[in-house]
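Colleague: Sequence first, predicted coordinates after that:
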Amino acid sequence: MRILFTIGDCSLIVRHLIFLNILNLTANFSYFYESRVEHHYFPASSSAANSSNQYSYMDDNIPEDSLVLSENLMLLGYRSISSDDNGRKPNISNEDEAIVDVGEAPNHEDIEHRMDLTDDLLHMVFSFLGHKDLCKAGATCKQWHIASALEDFWKCLNFEELNISPENFSAICRRYPNAIQVNVLGVHHVDVLVLEAMTSLRKLESLTLGKGQLPDGFFHALTDCPALKTLHISDAYFGSGIQELMIHHDNLHDLQIVKCRVLRISVRCPLLQTLSLKRSSMAHVLLISPQLHLLDISSCHKLSDAGIRSAATSCPLLTSLDMSFCGCVSDETLREIAFACPNLQYLDASFCPNISLESVRLPMLTDLKLHNCEGITSVSVAAISHCYMLESLQLDCCALLTSVSLDLPHLQSISLIHCRKFVELNLRSPLLSSITVSNCPVLHRINIMSTVLQKLALQKQESLATLSLQCRNLQEVDLTDCESLNNSICEVFSDGGGCPMLRSLILENCESLTLVRFNSSSLASLSLVGCRTVTLLELSCPNLQRVNLAGCDHLESASFCPVGLWSLNLGICPKLTILKIEAPHMRGLELKGCGVLSQASINCPRLSSLDASFCSQLRDESLSTTAASCSLIETLILSSCTSIESAALSSLHRLGRLTVLDLSYTFLTNLQPVFETCSQLETLKLIACKCLTDSSLDAVYKENALPVLRELDLSYSTAGKSAIEKILATCTNLVNVNLNGCVNMHDLVWDSNGGALKLLSTRASWLTPACSNGECEQPGHLIESLNCVGCRNIKRVLIPPSSCCFHLSHLNVRMAANLKEVYVACPKLDYLNLSDCSSLEILMLDCPRLSILYLTACAMLTEEAVEAAIANCEMLETLHVNNCPKIYPVYLRNLRRACPSLKRIYGVSWF
């Protein structure tokens with residue numbers, strides 16, 4: 001079987017390959033493991049290595065977190081011993097032979113089902129695996145066993161936090177004597193394992209250990225590892241009599257003794273470059289390491305000021321020094337270190353309360369950390385200003401620091417967090433790219449000059465009142481909750497203010513701003529959310545694409561000339577009276593929250609949607625000028641614009657593409673200008689127009705004034721009875737009609753030819769129209785949805801086949817309290833709602849596609865009437881008869897028998 005794949009997650013791929021291989025081999029080799037494998041053996045001890053017959057049994061109950069599982073021991077120097085014909089164990093005359101021969105995997109090559117993977121491919125995949133996964137892979141087949149035993153995979157022996165026995169570790173070291181790295185951190189019997197590694201691995205270069213007791217002769221045995229370059233000891237303790245560690249090694253480069261308990265440490269390593277004594281409890285340190293570059297003595301609380309001075313000054317090539325949390329360090333020690341270590345580049349003196357950097361000169365320093373240093377003041381900044389090579393400066397939580405003024409050519413980042421007395425910041429650095437200022441409650445002035453700074457965030461600086469920026473590449477600025485910023489900030493971010501590339505500006509909740517004027521050719525995004533005191537807004541930003549004015553509820557005048565906005569929503573601006581917009585790309589404009597807007601000059605040649613809802617003071621002149629300059633408007637919403645008069649509607653002739661017009665909640669009486677000029681109108685909404693008369697809509701059904709009208713909404717209007725009836729009968733192009741709450745809506749008797757229908761006693765007879773065959777051959781209505789909710793004067797609904805409502809699918813006559821009779825015959829009706837029709841008694845339906853029927857709270861409707869009504873509804877699935885007192889649960893089976901397609905009945909319980 002050949003497998004092709006790409007290496008993504010190699011560990012996962014190997015697990016799948018192991019699974020596939022086992023599936024192919026299990027059936028053929030089950031007898032092998034049952035009949036031949038009896039026990040695992042290993043040498044009892046190294047002292048018995050020359051005894052040919054001294055072997056001990058391996059316990060099968062190996063812990064789950066053990067590195068070597070029972071079926072994988074052959075890879076690590078163990079073999080499966082089979083019995084001879086007499087049932088005796090074979091003798092092994094030489095231990096080396098046992099280890100060399102171990103790993104004799106079953107001869108899987110004799111089996112036809114074999115993983116056809118090249119050795120190179122296996123090596124490439126296995127190179128991503130840890131030792132435990134290598135063991136599992138090696139137990140799969142002979143090919144994988146050989147591939148997983150490649151010596152390159154066992155150069156680095158990482159057993160951190162694993163449960164490995166000394167015997168296993170010893171066997172591994174003998175099997176792979178060329179290993180160069182060993183990690184036994186957190187392993188049981190670490191003292192035994194370390195001595196074994198140092199004795200067996202002559203090429204050992206890196207050793208990591210800890211979390212246990214080290215053997216007494218450990219540091220003396222280091223001389224037996226001439227190739228050792230890296231030694232890491234963490235959280236270890238030594239014998240009871242050891243008070244001083246003496247580490248002598250000629251080739252050691254990296255030494256870490258972290259969190260170890262000892263009184264004195266002496267290090268004599270001529271090639272040592274990195275030394276870490278972090279969190280160790282020694283009181284004295286002697287260093288003879290002339291090549292040392294990095295020294296970490298952080299959190300060494302027992303180390304005295306003199307001890308720190310002696311240790312650091314003995315390393316003339318030192319470039320990095322971490323002495324954070326060493327509370328006894330003094331300025332005198334820093335001065336001597338600066339003199340003895342002229343190449344020092346990194347210094348961390350955080351949480352050292354006694355230092356002030358007075359007269360300290362570190363000209364080569366590039367990174368300085370002074371977190372929580374109580375002695376750092378503005379005088380200390382003068383010393384820092386002599387660090388001409390400084391690139392990173394951190395002064396967080398320096399409680400006495402009041403001001404920082406630095407002119408450093410290489411400074412790239414600065415951090416000032418929780419400096420409660422900090423007032424002024426002056427930075428001049430062409431390479432400054434990162435500024436972090438946070439929780440400085442009295443910060444008042446900031447002056448920054450940088451040529452590479454791109455983002456500046458100064459959030460929640462309540463006292464910041466003056467900001468000066470000379471940052472030619474600055475693109476993003478966030479000044480959220482800077483409550484003291486005044487109107488002068490606008491000059492900083494306008495053209496000529498020092499930020500020519502500014503793209504995004506956030507001034508949210510800046511409550512001291514009253515007049516906002518921006519003239520910027522680069523600004524693309526502006527947020528003034530929560531700026532409640534702003535009364536005047538003037539934006540001249542041709543590339544402005546986003547603006548957010550939420551919460552600017554005191555805005556009185558706004559000008560956007562010119563801007564690059566594609567859409568604008570002014571939100572709720574109840575005091576806005578004057579608006580001027582010049583936006584060549586704008587497509588959508590919403591003014592629905594501008595209740596007192598009276599003067600609007602809108603010049604947006606590409607505007608397609610204008611929503612001026614609730615602009616009750618909008619004048620006719622504003623509508624006329626807008627129509628003249630925005631001739632591409634397709635949707636115009638003037639709902640609740642009560643100041644608009646009929647004369648202003650004549651300007652709509654300029655809107656040749658107008659398809660949606662909303663004049664709801666207005667006092668218009670004459671709609672003739674609309675009928676004469678808006679020939680392409682598809683949607684007309686006249687909701688709650690209380691001044692409409694019987695003749696207001698004559699042009700719709702008499703003159704066919706709106707030939708493409710598809711949706712008409714006359715809900716809660718005063719449209720006359722005859723007008724409604726004529727529109728329903730003659731306007732066959734309508735698709736959606738809403739007549740909710742129309743007081744003049746009476747009986748819904750629908751006949752497309754306008755003639756009377758003769759209702760006979762039987763159901764079959766009322767479905768036969770009282771007209772000739774020729775009169776019934778009509779094109780039919782296009783109406784699909786009809787809503788008559790709350791029309792209390794409707795007493796009868798009659799939609800016979802002669803009405804030709806072939807497309808009607810949605811009919812809602814809910815809350816018609818006086819409705820008594822319903823006769824509906826619509827071939828495509830899908831939804832019918834007659835809920836809350838408390839007077840309904842007669843219900844006759846011929847709707848073969850009806851699927852949902854609501855009869856909730858129809859108090860007079862009986863079970864027999866419902867059964868007769870749904871008998872011919874072949875696709876009815878859902879029936880709502882909630883609160884129908886005359887429909888009893890015992891009769892519900894009859895309803896289902898009358899309509900077999902019925903699946904759900906709501907409102908009563910089945911018995």
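Modeller: Okay, I see it.
Colleague: Now for the closest residue to G551 other than its chain neighbours, how many residues are close by?
Modeller: Sequence neighbours aside, G530 is the residue nearest to G551 in space, at 4.3 Å (criterion: Cβ to Cβ, 6 or more residues apart in numbering). Every C-beta, even on glycine, is put in place using the N, C-alpha and C of the backbone. Using other Cβ atoms under 10 Å, G530 is surrounded by 19 other residues.
Colleague: give me the element G530 is part of.
Modeller: In the assignment (DSSP states H and E), G530 maps to no helix and no strand.
Colleague: if I pick it, what's in contact with it?
Modeller: Contacts were defined as Cβ atoms under 8 Å, 6 or more residues apart in numbering; by that measure G530 touches E508, N509, E511, A550, G551.
Colleague: Now L819: phi and psi?
Modeller: The phi and psi values for L819, taken as degrees, to the nearest 10, are phi -70, psi 130.
Colleague: Could you pull up phi and psi at the nearest residue to it once chain neighbours are set aside?
Modeller: Among residues not flanking L819 along the chain, C837 sits closest, at 4.5 Å (Cβ to Cβ, 6+ apart). Backbone torsions for C837, taken as degrees, to the nearest 10, come to phi -100, psi 80.
Colleague: ok, C837 touching M815?
Modeller: Yes. Look at C837 against M815 with Cβ atoms under 8 Å: they come within range, at 7.5 Å.
Colleague: And for the residue nearest to L819, the neighbour number?
Modeller: For C837, using other Cβ under 10 Å, the count is 28.
Colleague: In contact with it, which residues?
Modeller: By Cβ under 8 Å, 6+ apart, C837 lies in contact with V813, R814, M815, A816, A817, L819, A857, C858.
Colleague: can you name the two of these that are farthest apart?
Modeller: Maximum pairwise distance in these, criterion Cβ to Cβ, is 13.3 Å, between V813 and A857.
Colleague: Please report the distance of the residue nearest to G551 from N569.
Modeller: Separation of G530 from N569 (Cβ to Cβ, to the nearest Å) stands at 16 Å.
Colleague: do R532 as well
Modeller: For R532, the distance to N569 equals 18 Å [Cβ to Cβ].
Colleague: before we move on, what about E511?
Modeller: With Cβ to Cβ as the criterion, E511 and N569 are 22 Å apart.
Colleague: repeat for S304
Modeller: Separation of S304 from N569 (Cβ to Cβ) stands at 67 Å.
Colleague: again, but for S434
Modeller: Distance from S434 to N569, by Cβ to Cβ: 35 Å.
Colleague: Kindly report the same for H123.
Modeller: Distance, H123 to N569, by Cβ to Cβ: 62 Å.
Colleague: for C678, same thing?
Modeller: According to Cβ to Cβ, C678 stands 26 Å off from N569.
Colleague: Which of these two has more residues huddled nearby?
Modeller: With neighbours defined as other Cβ under 10 Å, C678 and N569 compare such that C678 has more, 24 against 15.
Colleague: so the more buried one makes contact with L652?
Modeller: Yes. Using Cβ under 8 Å, C678 is in contact with L652, at 5.7 Å.
Colleague: shared neighbours, those two?
Modeller: Listed as contacting both C678 and L652 by Cβ under 8 Å, 6+ apart are L658, L661.
Colleague: Please give the number of neighbouring residues around M501.
Modeller: By the criterion of other Cβ under 10 Å, M501 has 12 neighbours.
Colleague: Wait, it touches S522, no?
Modeller: Yes. With contact defined as Cβ under 8 Å, M501 reaches S522; the gap is 5.6 Å.
Colleague: and M844, what are its phi and psi?
Modeller: phi -130, psi 120.
Colleague: Same check on V477?
Modeller: The phi/psi pair for V477 (degrees, to the nearest 10) reads phi -130, psi 130.
Colleague: Also I233?
Modeller: Note on I233: backbone dihedrals following degrees, to the nearest 10 are phi -120, psi 120.
Colleague: How is the closest residue to it other than its chain neighbours assigned, secondary-structure-wise?
Modeller: Distance criterion Cβ to Cβ, 6+ apart; nearest residue to I233, sequence neighbours excluded, is I257 at 5.0 Å. With DSSP: H, G, I helix; E, B strand; the rest coil as the basis, I257 sits in strand.
Colleague: go on, the one 10 residues further on?
Modeller: Assigned with three-state DSSP, V267 falls in the strand class.
Colleague: residues contacting it?
Modeller: Applying Cβ under 8 Å, 6+ apart to V267 gives the contacts I247, L255, L275, V285, L286, L287, I288, S289.
Colleague: pLDDT weak spots in this structure?
Modeller: Residue ranges of the chain with pLDDT under 70: 1-116, 239-242, 751-780, 908-911.
Colleague: From P542, how far off is the residue nearest to L819?
Modeller: Using Cβ to Cβ, C837 is found at 60 Å from P542.
Colleague: do the same with V379
Modeller: Computed with Cβ to Cβ, the distance linking V379 and P542 is 49 Å.
Colleague: Give me the residues contacting stretch 591-602.
Modeller: Here stretch 591-602 makes contact (Cβ under 8 Å, 6+ apart) with 570-581, 589, 610-619, 622, 625-626, 629-630, 637.
Colleague: Restricted to strands, list those residues.
Modeller: With strands defined by DSSP state E, the entries of the contacts of stretch 591-602 inside them are I578, L579, K580, I581, L589, L610, D611, I637.
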